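Undergrad: okay, here's the prediction I keep looking at, along with the sequence it came from:
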Amino acid sequence: MTQSVYIIDGGIGTELQRRGAKMDPCCWSSGAHLQDPQMLLSIHLDYLQAGATILSTNTFMASRHLLEESGIRDVGEVNRSAVNLAIEARERFDGSGVLIAGCMSTFPPLNQAHDLPRGEQVYRNFYEQAMLLADAGVDVLLAEMLIDSETAVSLLNACCKTGLPVWAGVSAMPDDNTGELMTFRQPGKLANLPHESFDSLLANLCELPLEYMGAMHTPVEAMDSALSQLAARWSGPRFAYAKTGMATQHEWEFADSIPAEKYADLALGWIRDFQLGIIGGCCGTRSEHIEALSRRIVIGE
């Protein structure tokens, strides 16, 4: 394929789980690297070897209100150590062109998912984490799994205050009854999270000073619709990385994971049809999915 794109890595939390790390029922994988930093380092190196040119940090659920709910008090240590491991992997691989994306989210504690955390204190927590990631040396801030406009704008405004490029990723899930794309649909304790239509959230984010916007943690069968809606709303650079498999609260099920070559076939279509600048994988994808992608596209320069 002749179009030049960057390749972001695949799942981090799910790969930690698959390799034996214990997932926290509140903040998922965010503290796992404190117990076994070499495991996370090896995951980053595997993705680089597979062809990734963007590494994401294991900080998706590492803001203060999430970590403290898990009994983790040193927010700085969790975030700085995660960034340091990604940077170490880049240095070991001699990947001078590799970007480090500092991941953040608006998710609530998984074991108390009846409501999203909101308000001035939560904004300060977002800003604290964004600054920790920026000071530790990330190249961009990547806001993922944005659920509703209020919390998404709060997080993104905090990220923009750092002066770093900001990327926004929205998860699209089809409504079981209407087929309309919603920002979050999940059974179990997460079913009652506030959410809104995918298109509505995109409309409220498009005026923010973002560098990239994309569809992520989206089922492959919904990705074409999600990217079509994204393209209608956002004329700037776009990205996509889909999930494969299914969550059961804070664990991941890999039984129905998509084979790497099939995933690459689909992703090449997304790149072609929606002029994507970044492609990769989300929960459930592994280094073989990234390797299949990297063999078949030209890496961005």
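TA: The structure has been received and is ready for your questions.
Undergrad: could you pull out the helices for the stretch 1-150 of the chain?
TA: Ranges of helices in the stretch 1-150 of the chain, per DSSP state H, counting those that start in this stretch, are 13-18, 32-35, 37-50, 64-69, 75-93, 120-136, 149-160.
Undergrad: may I see those helices organised as a markdown table, with mean pLDDT and distance to residue 277 added?
TA: Where you see a C-beta, it was placed from the backbone N, CA and C, and this is true even at glycine. As requested, the helices of the stretch 1-150 of the chain are arranged in a markdown table below (pLDDT from 0 to 100; distance: least, C-beta to C-beta, whole Å):
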| stretch | mean pLDDT | distance to residue 277 |
| --- | --- | --- |
| helix 13-18 | 93 | 24 |
| helix 32-35 | 94 | 28 |
| helix 37-50 | 98 | 18 |
| helix 64-69 | 93 | 30 |
| helix 75-93 | 97 | 20 |
| helix 120-136 | 97 | 22 |
| helix 149-160 | 96 | 19 |
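Undergrad: in TSV: these, plus mean neighbour count and distance to residue 282.
TA: As requested, the helices of the stretch 1-150 of the chain are exported to TSV (neighbours: other C-beta atoms under 10 Å; distance: least, C-beta to C-beta, whole Å):
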stretch	mean neighbour count	distance to residue 282
helix 13-18	22	8
helix 32-35	18	17
helix 37-50	20	13
helix 64-69	21	19
helix 75-93	20	17
helix 120-136	19	19
helix 149-160	21	17
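Undergrad: minimum distance to residue 291: which of those helices has it?
TA: Evaluated over these, closeness to residue 291 peaks at helix 37-50, with 3.9 Å, by C-beta to C-beta.
Undergrad: taking their axis directions, that closest one and helix 75-93 sit at what angle?
TA: Interaxial angle, helix 37-50 versus helix 75-93 (axes from the mean of the first three to the mean of the last three C-alpha atoms, to 10 degrees): 40 degrees.
Undergrad: quick one, strands of the stretch 101-250 of the chain?
TA: Assignment of strands within the stretch 101-250 of the chain using DSSP state E, counting those that start in this stretch yields the ranges 140-146, 166-170, 173-174, 181-182, 212-219, 238-243, 246-248.
Undergrad: could those strands go into JSON lines alongside mean pLDDT and distance to residue 72?
TA: Putting the strands of the stretch 101-250 of the chain into JSON lines (pLDDT from 0 to 100; distance: least, C-beta to C-beta, whole Å) gives the following:
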{"stretch": "strand 140-146", "mean pLDDT": "96", "distance to residue 72": "20"}
{"stretch": "strand 166-170", "mean pLDDT": "97", "distance to residue 72": "24"}
{"stretch": "strand 173-174", "mean pLDDT": "87", "distance to residue 72": "29"}
{"stretch": "strand 181-182", "mean pLDDT": "91", "distance to residue 72": "31"}
{"stretch": "strand 212-219", "mean pLDDT": "95", "distance to residue 72": "23"}
{"stretch": "strand 238-243", "mean pLDDT": "96", "distance to residue 72": "26"}
{"stretch": "strand 246-248", "mean pLDDT": "63", "distance to residue 72": "21"}
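Undergrad: that concludes my questions; thank you for your assistance.
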